[in-house]
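>>> could you look at this predicted model? Sequence included:
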Amino acid sequence: MPEKFVVGYDGSPAGRRALDFAVSNAKAQGAGLVIAHVLEWSPYSFLTKEEVEERHVRRKEELQRAEKHVISPVREKLDATGLEIETVIRYGHSAEMLLSIAKDAGATQIIVGRDGNGGLAARMFGSTAGSLVQITTLPCTIVP
């Protein structure tokens, strides 16, 4: 069975670098790619029924926007590569979702980009790359 790499992709420059690295390595190794886009979403249990319904509508709209503006363009760009490509969009904590997606796909590696602009929030709450290397059970490549 050929290897599969999961690449975290959000359309940012760091995400594009990670994708380019993943494509190059997948071609060289005959691996497939799972392009994963994670939308951060925290479950609030104290919302009213109306607020939950409103969040559900917004969530649906965000999924449609992510498909249209992030996933579809990259899928079209990579169609000519001949690689086996899957795409996934999920809600949740980015690092946890990437690991879950990788396990579900039977992936052998996770690839993510790092932008280097950690800032205060990243130092306090952790970046996706930093969190991922702390929890992953798979090899993880961080592309600078």
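Cool, the structure landed.
>>> does Ala129 really touch Val143, like I thought?
No: applying Cβ atoms under 8 Å, one finds Ala129 not in contact with Val143, separated by 9.0 Å. From N, CA and C alone the C-beta is placed, and that goes for glycine too.
>>> which neighbours do those two share?
Counting by Cβ atoms under 8 Å, 6 or more residues apart in numbering, the common neighbours of Ala129 and Val143 are Val112, Gly113, Arg114.
>>> my guess is the second one contacts Ala14. True?
By that I understand Gly113. Yes: if you go by Cβ under 8 Å, Gly113 and Ala14 touch, sitting 3.2 Å apart.
>>> now do the shared contacts for these two.
Contacts common to Gly113 and Ala14, judged by Cβ under 8 Å, 6+ apart, are Val143.
>>> neighbour count winner among the two?
Gly113 (26 against 22; other Cβ atoms under 10 Å).
>>> contact partners for the more buried one?
Remark: with contacts taken as Cβ under 8 Å, 6+ apart, Gly113 is in contact with 8, 12-19, 129, 142-144.
>>> how close does it sit to Glu61?
26 Å (Cβ to Cβ, to the nearest Å).
>>> for Ile135, same thing?
Counting by Cβ to Cβ, the gap from Ile135 to Glu61 is 30 Å.
>>> ok, now Ala28?
Ala28 is 39 Å from Glu61, where distance means Cβ to Cβ.
>>> quick one: which of Ala129 and Val143 has more around it?
Neighbour count, other Cβ under 10 Å: between Ala129 and Val143, Ala129 has more, with 26 against 18.
>>> what does the host helix or strand of the more buried one contact?
Per DSSP states H and E: Ala129 is located in helix 128-135. Helix 128-135 is contacted from outside by 8, 93-96, 98-99, 110, 112-114, 122, 126, 140, 142, using Cβ under 8 Å, 6+ apart.
>>> good, we can wrap up now.
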